[in-house]
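Enquirer: model the structure of this input:
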Amino acid sequence: MKNCLHLLVSFQLLLLTSFALAQPTVPTAPNFDDGQLHVVLCGTGSPLPDANRAQACTAIIAGNEFVVVDVGSGSWRKVAVNNLPAQNLSAVLLTHFHSDHIGDLGEAVMQSWAAGRTQKLNVYGPPGVEKVVAGFTQAYALDTDYRVLHHGEELMPRAAAAAVAQPIKLKSDDAAALVFDRNGLKVTAFKVNHDPVTPAYGYRFEYKGRVVVVSGDTAKSDNLAKHAAGADLLIHEVLVKPLLQFAASNFERAGNQRRAKMSRDIINYHASPVEAAEVAAVAKAETLVFTHIVPSPNTPQIEQALTRGVGDVYKGKVVVGNDGMRFDLPPKN
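Expert: Sure thing, here's the model as predicted:
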C-alpha cells in the first residue's frame, strides 16, 4: 500500500513538472512608457470556425492607454497569450454589433477586472452600444456577485466591475467624431459601408506623429480612404470574393439554396483584397494589413488569391495578418 502511495505521489509530481516545462514562452509585453505606438493583432479570423485564428480584435497600446478594437470570440485568450496588460485595459471600441465582433466583451470586462483594473471600463461604439453593454452586464451579473463574495471587495471592488456604454454620434455620414484625446493618444470614429448594418464605424489612432486606422467591416469605402489619409498602418478587412462565389455555386448545385444565398449576401458588404488595396492607394497608406480574412488563408491557393492583383493598384507594403502579429511604431515628431 505504501509503495502504491509513493508511486501515486511521484506520478502526480511528474505530471506537474511536465506541465510546467511544457508551458510556451510568453511574448514580451509592449512597454507603456517607451513613446511608441504598438499594435497587436488579437483576432484576424472571420465568423467561420478556425482553430488558429480568433475573431476580430486589434489592440492598441500607446501613452499609458491600452485599447482594443472589437472583441470577437476567442480574442481575449489571444490578449492573454500575448502577455498584454489586461489590468490596464482603458477602453473597448466596437465597430458594429455583429456577433463576431462582440462575442468576448463579457470576458474582456470580467478578465481585466480580475487582473486588477480599478476603474469602470468605457465601451465605445455606434448608437446601440447601450443595449450590447446592458446585455453583457446582465449576463455576467451573477458571476460578478460570486467573485466579490469569494475574494472580497479589496481584491475585486464591485465598482470597478462595471462597463459603461459610450455611444458615438456622427454629425454627418462623412464627418469624424472625437472618441477621446488623452495621454497623447487621439482616437476618432468615422462611418464605413457595411449596410444594412448601420452605422458601422472605423477608427483612426494618432500618437506622436504616427497614424493607425482600423477599418472594421466594410465594403470599399471612399469615406474610409478619406479618414485613413497618411496612415502608417491601414488594418483592413478582406474577403476573397471569387472563392465565395464558387462556394455559393457549389451550394446551389447541391440543392442548398439557403447557404447559396447567404454566401452571396455577404459578398456585397465586404471588401476584396484589391478593393482594400485601392483604398490604401488613395489614402497613401504606408502599409496595408489584411485582417478579418475570409476564407482563412490555410492553403497556398488562398494565400495567392489574397495578394493576386493587389500590387497592380497599390505600391506600399502588404501584410497578411496573423493572430499575435505585432507592429511597433516609434515617434515621428
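Enquirer: which residue comes closest to D312 once chain neighbours are left out?
Expert: Distances taken as C-beta to C-beta, 6 or more residues apart in numbering place V274 nearest to D312, at 7.8 Å, with adjacent residues excluded. For glycine as for every other residue, the C-beta is placed from the backbone atoms N, C-alpha and C.
Enquirer: contact partners for the residue nearest the centre of the chain?
Expert: Centrality entry for the chain: nearest residue to the mean C-alpha point is C57, 0.9 Å, by C-alpha atoms, centre = their mean. With contact taken as C-beta atoms under 8 Å, 6 or more residues apart in numbering, C57 is in contact with 41-43, 68-72, 75-76, 78-79, 104.
Enquirer: name the helix or strand for D265, please.
Expert: According to DSSP states H and E, D265 maps onto helix 257-267.
Enquirer: list the helices and strands that helix packs on?
Expert: helix 241-253 (3 or more C-beta pairs under 8 Å, 6 or more residues apart in numbering; DSSP states H and E).
Enquirer: list of residues touching the helix it packs on?
Expert: Residues outside helix 241-253 that contact it (C-beta under 8 Å, 6+ apart): 257, 259-261, 263-264, 266-267, 270, 272, 294-295, 302, 305.
Enquirer: and with 10 Å instead?
Expert: 240, 256-268, 270-275, 294-295, 301-302, 305-306, 308 (C-beta atoms under 10 Å, 6 or more residues apart in numbering).
Enquirer: and T58, how many neighbours does it have?
Expert: A count of neighbours around T58, defined by other C-beta atoms under 10 Å, yields 29.
Enquirer: OK, contacts around it?
Expert: For T58, the contacting residues are 39-44, 67-70, 75, 93, 95, 203, 205, 212, 214-216, 233, 235, 289, 291-292, 321, by C-beta under 10 Å, 6+ apart.
Enquirer: at 7 Å instead, please
Expert: Listed by C-beta atoms under 7 Å, 6 or more residues apart in numbering, the contact set of T58 reads V39, L41, C42, V68, V69, D70, V214, I235.
Enquirer: dump those residues to JSON lines, plus distance to V197.
Expert: Below are these laid out as JSON lines (distance: C-beta to C-beta, whole Å):
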{"residue": "V39", "distance to V197": "25"}
{"residue": "L41", "distance to V197": "22"}
{"residue": "C42", "distance to V197": "22"}
{"residue": "V68", "distance to V197": "20"}
{"residue": "V69", "distance to V197": "16"}
{"residue": "D70", "distance to V197": "13"}
{"residue": "V214", "distance to V197": "16"}
{"residue": "I235", "distance to V197": "19"}
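Enquirer: now a ChimeraX select for only the buried ones of those residues.
Expert: A single ChimeraX command selects the buried members of these (16 or more other C-beta atoms under 10 Å):
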select :39,41,42,68,69,70,214,235
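Enquirer: now render the contacts of T58 as TSV, adding pLDDT and distance to A165.
Expert: Formatted as TSV, those follow (pLDDT from 0 to 100; distance: C-beta to C-beta, whole Å):
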residue	pLDDT	distance to A165
V39	97	25
L41	98	26
C42	98	22
V68	98	16
V69	98	16
D70	98	15
V214	98	20
I235	98	24
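Enquirer: just the contacts of T58 now: which is nearest W113?
Expert: V68 (14.6 Å; C-beta to C-beta).
Enquirer: the closest one falls within a strand, correct?
Expert: Yes - V68: assigned to a strand according to DSSP: H, G, I helix; E, B strand; the rest coil.
Enquirer: and the strands in the chain?
Expert: Using DSSP state E, the strands of the chain run over 37-43, 57-62, 65-69, 89-93, 121-125, 163-167, 176-182, 185-192, 200-207, 210-214, 233-239, 287-294, 317-320, 326-329.
Enquirer: please report how far the closest residue to L239 other than its chain neighbours lies from E130.
Expert: Spatially, and ignoring its direct neighbours in sequence, L239 is nearest to H270 (3.8 Å; C-beta to C-beta, 6+ apart). H270 sits at a distance of 27 Å from E130 (criterion: C-beta to C-beta, to the nearest Å).
Enquirer: tell me which of the two has more neighbours.
Expert: H270 (23 against 14).
Enquirer: got the contact list for that one?
Expert: Counting by C-beta under 7 Å, 6+ apart, H270 makes contact with D217, A219, E237, L239, V294.
Enquirer: now do F180
Expert: So F180 contacts V187 (C-beta under 7 Å, 6+ apart).
Enquirer: pLDDT value on it, please?
Expert: Predicted confidence (pLDDT) at F180: the value is 98.
Enquirer: check T144 too.
Expert: 97.
Enquirer: that one reaches A161, doesn't it?
Expert: Yes - in this structure, T144 is within contact of A161 by C-beta atoms under 7 Å, at 4.9 Å.
Enquirer: between these two, who's got more neighbours?
Expert: A161 (23 against 17).
Enquirer: do you know how far the more buried one is from T28?
Expert: Taking C-beta to C-beta, one finds A161 at 29 Å from T28.
Enquirer: swap in H194?
Expert: 35 Å.
Enquirer: who's more crowded, those two?
Expert: H194 (23 against 9).
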